[in-house]
Structure formats: C-alpha cells, structure tokens
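*Asks:* predicted model and sequence follow; I will ask about them next.
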Amino acid sequence: MLVLGIDTSCDDTSASIVENDTKIISNIISNQTDIHKKYGGIVPELASRRHIEMIWPVVDEALKTAGVKFDELSGVAVCHGPGLIGSLLVGCSFAKALCYSKKIPLVAVNHLEGHIFSSFLEEPRPSFPCIALIASGGHTCLYRADNFGKYKELGRTRDDAAGEAYDKVSKLLGLGYPGGPIIEKYAREGNPKAIDFPRAYLPESFDFSFSGLKTAVLNFVKRNELSVMSKGASPVTHHPLLNDIAASFQKSIVDVLVRKTEWAIKKEHIKRVILSGGVAANSELRKRMKEMGDEKEAEIFMPSVSLCTDNAAMIAAAGYHHLKAGNIAGLDLNPKAYLPL
Ligand code: KG4
Ligand code: ZN
C-alpha cells in the first residue's frame, strides 16, 4: 500500500509517501524557523498562513520525488490533532479536498500516534508491547503501547512540555529559537553538576512538570544579574556561566525523562522503549537512555533525528494501519487542538 501522509500540526509543513508502515519513499519537510525565530517562539497565525502557501508545493514535491501518481495511492493520512488549530485546519482541508476530487480514502491520524510509529520506519524495528516516551515542544507523555490502537497513557506533563522548557529557557537567556538544539550546543561545553536545578520527580506518578525548572533558571539568571533579552538587554551569549546553566538545565530534564521511563519499564514489566518527539533528537538524552537500557537490559528504539521531529512519514505509517483496519474518515472530519490518544 502507498500512503500519502500530511502533517501541518505545528510549524512544519510536511508530506510523505510511505509504503506500508515501513518504507519511506519520500519525506518532504518545509520548516518555518526563519519566520518564528525573531519572536522566540511559534506565532500561530503566521504558522497557518505559511502552511497555506506551502501545502501544495510540499505535497507536489513528495509525489514527484517518489514518482507516484494520485491514482496509485491507497489512501491519504492526515494529522487531525492535537496541535495548533489554524495549522491543523490547513492540512485537513487540503487532504479532504484531495480525497474528494481524486476519490481516495481519507484516514485521520493522531499526531502522538504518528510519533509512536516513527520508530517503525527504520531498522531495527520495535515490536509491541512497548513503552513509548514522546517528548516534544507540545507534548511530554509516557504510554504503554500494546498494539496498533491500544495505547494506555501512563503520564503526561502537568504544565510545560520538555521541548517547551528548552524553548523558554533559551528565550530567557536570549539565545534564540528553537531552544533545544541551541541549549544542547552550549551544554556540551558546560558542567552539568555546576548548578543544582530542581527535578520534579512527582513520586508515585508518571506525570511530568517542567515549569518549576524554568522558573528556577529564571531566578538564577536574576540572582546572578545576567542580562536577559526579554528586558531589552543584550543576550548573555558570552557569559562565562552560560555553558554551565545550559548543561545543568539539560541534566535536570534528562534525569527526569530517563528516570520516569525506567520506572515505566519496571512497573509495566516491558523491556522495550520507543523514544520520539523533537527532544528525542537530543544527544545527551539518547546517550543516557541507551545507558539506562543497557543497565536494565531493555531495548531502546530511537528514530534518526529527522524522524524524531515532526514529519509526515510517521503520519503515513500510522495511517497505513488505519487503512488496513478500515478506519476511513468522512469528509466532515474536523481537526482538534486537544485530542487524547
Ligand atoms: O516534535 P517537534 O518537532 O514538534 C512538536 O510536536 O512540538 O518538537 C519540537 C521541539 C522544540 O521544543 C525543540 O526545542 C525541541 O523539540 N528540540 C530539542 C532538540 N531538537 C529539537 N530539544 C532538545 N534537544 C534537541 N537537540
Ligand atoms: Zn510532534
């Protein structure tokens, strides 16, 4: 089966052709970093407008790169949430119009389900059951996944997502957007034990909380009189403490993500973990998760960096299973900003 996947849930316009749930034929991503970086975060209205401009060129390129025609498609899989409502509307409206005019079955895919299926697009492939940690700019959730369509949420963030914390800390340090890769770069030169930032382990719970950590960094910056960009001062880019702040902040995030995943392995008696979402691109998290896996004799599956961040290949891969199961969506499909898995 050839499936066209479409994802416009946030600030990337993406379209992809995938064969079944495993073979990527094309995966085109047009990102909007240049538009949003001057604001230090995503501006939803600007994101939707850019999706409108890019959706057709991106889908066209995905088809051309794959050498696939509309009549060869078994289905179109579109992400219908969760995400920014204006952004989701663009992908959903486009997919519905395409399916109506070309008489192709439409399937609706939850973005988080897509992240789980990103791990199936590369060797070695995981199998079910597994623990899935999704850590991105909009979500930080832990699931037990028993099969396609059988997901149990173990925990989620109660406030900021892990990627959101990276982005907000980067902004308050005046370092730019997106925060994850920037903080990771500074952290490489810093001492992760220099500053004892808090870790919200929330005992007895698989939930996460990162907003206290963000506030702790802000208070540290104020206490040490580091200039902060949001006050109109120049960025602290060359401050001697900067690398240590980045490394210590990153250690707090990674410690919590790894520890909670370890708890989930133990509680669910499942020694197989899928890691996905933009934060899964972080090399320190990947290293520490692998070390934990080795220690607990658990298999850890991490897609390559380009499949951790938002992409339509993962939507097509999950869409293949919906198609096989006959979960065809109607042309009255509406996107949803909040959509639990
Ligand atoms: O999955 P994604 O592309 O979009 C969402 O669904 O949110 O994730 C984007 C998030 C951003 O917050 C970004 O700062 C973070 O992932 N991110 C990283 C890294 N690369 C991207 N966080 C930590 N380290 C990275 N290398
Ligand atoms: Zn995502």
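*Replies:* Structure received. Ligands and ions are numbered 1, 2, ... in the order given.
*Asks:* any idea how far H111 is from G83?
*Replies:* 6 Å (CB to CB, to the nearest Å). Backbone N, C-alpha and C define where each C-beta goes, glycine included.
*Asks:* which bits of the stretch 1-150 of the chain sit near ligand 2?
*Replies:* The stretch 1-150 of the chain comes close to ligand 2 at residues S136, as judged by CB under 5 Å from the ion.
*Asks:* strands of the stretch 1-150 of the chain, residue ranges please.
*Replies:* In chain order, the stretch 1-150 of the chain shows strands spanning 2-7, 12-19, 23-31, 75-81, 106-110, 130-135, 140-147, 150-156, with DSSP state E, counting those that start in this stretch as the criterion.
*Asks:* which residues touch the residue nearest to G91 when sequence neighbours are not counted?
*Replies:* If the residues on either side of it in the chain are set aside, G91 comes closest to T8, at 3.4 Å by CB to CB, 6 or more residues apart in numbering. Each residue near T8 by CB atoms under 8 Å, 6 or more residues apart in numbering is listed here: 14, 51, 55, 79, 83, 87-88, 90-91, 94.
*Asks:* quick check: which element contains the residue sitting furthest away from the middle of the chain?
*Replies:* Going by CA atoms, centre = their mean, the residue of the chain most distant from its centre is E225, 33.6 Å out. Under the criterion DSSP states H and E, no helix or strand holds E225.
*Asks:* so what pLDDT did it get?
*Replies:* Confidence at E225, expressed as pLDDT, is 72.
*Asks:* spatially speaking, which residue is in the middle of the protein?
*Replies:* The C-alpha lying nearest the average C-alpha coordinate of the chain belongs to G277 (CA atoms, centre = their mean; 2.7 Å).
*Asks:* which bits of this structure sit near ligand 1?
*Replies:* Along the chain, the residues adjacent to ligand 1 under the rule CB under 6 Å from any ligand atom are 10, 136-138, 163-164, 166-167, 178-181, 184, 277-279, 281-282, 309-310.
*Asks:* try it again at 8 Å.
*Replies:* By CB under 8 Å from any ligand atom, the part of the chain that sits against ligand 1 consists of 9-12, 83, 111, 115, 135-139, 161-164, 166-167, 170, 177-181, 183-184, 250, 253, 276-279, 281-283, 285, 305, 308-310.
*Asks:* any quick PyMOL command for the buried ones out of these?
*Replies:* A single PyMOL command suffices to select whichever of the residues of the chain next to ligand 1 are buried according to 16 or more other CB atoms under 10 Å:
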select buried, resi 9+10+11+12+83+111+115+135+136+137+138+139+161+162+163+164+166+167+170+177+178+179+180+181+183+184+250+253+276+277+278+279+281+282+285+308+309+310
